[in-house]
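# model the following, please.
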Amino acid sequence: MKYIAKYWDGLILFLTDGRIEMDSNAVERTIRPIALQRKNALFAGHDAGAQNWAIIASLIETCKLNKIEPHSYLTGVLTAIVNGHKQKDIDQLLPWKWPG
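Numbering: from 1, shown residues only. You can find the predicted model right below:
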């Protein structure tokens with residue numbers, strides 16, 4: 001009861017402000033993939049593997065934020081690198097600059 005009393009104003013705020021959701025389901029759905037990625041990275045087996053996993057997971061989530069299909073992005077980037085894309089022009093391969 002002390003917890004409820006302490007946070008009562010925040011708990012009832014949705015009653016007076018129609019912009020505030022009554023539950024946190026929308027937020028939880030949004031962060032669920034990130035939490036799953038974090039959990040999966042725990043089983044990478046090695047620090048370097050976990051670091052590589054984090055890089056790939058970050059690229060995938062950045063693609064999603066920029067409305068780019070991650071599989072086609074990664075395929076295109078790896079193809080560009082194999083075909084001799086210059087390292088000095090690496091910023092052209094970032095998700096937010098990808099022609100998609």
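# okay, CA-based contacts and neighbour counts for the rest of this
Will do.
# relative to N52, how far out is S58?
S58 sits 10 Å away from N52, going by Cα to Cα, to the nearest Å.
# ok, then the element right after the helix ranked longest in the chain?
For the chain, the helix with the greatest residue count under DSSP state H is helix 47-65. Next along the chain after helix 47-65, taking DSSP states H and E as the criterion, comes helix 70-82.
# against which helices or strands is that next one packed?
helix 47-65 (3 or more Cα pairs under 8 Å, 6 or more residues apart in numbering; DSSP states H and E).
# so which bits of the helix it packs on are buried?
50, 53-54, 57, 59-63 (16 or more other Cα atoms under 10 Å).
# elements contacting the lowest-mean-pLDDT helix or strand in the chain?
When the helices and strands of the chain are scored by mean pLDDT, DSSP states H and E, helix 25-41 comes last with a mean of 78. Other elements packing on helix 25-41 under the criterion 3+ Cα pairs under 8 Å, 6+ apart are helix 47-65.
# contact partners of the helix it packs on?
Contact with helix 47-65 is made by 37, 41-44, 69-70, 73, 95-96, as judged by Cα atoms under 8 Å, 6 or more residues apart in numbering.
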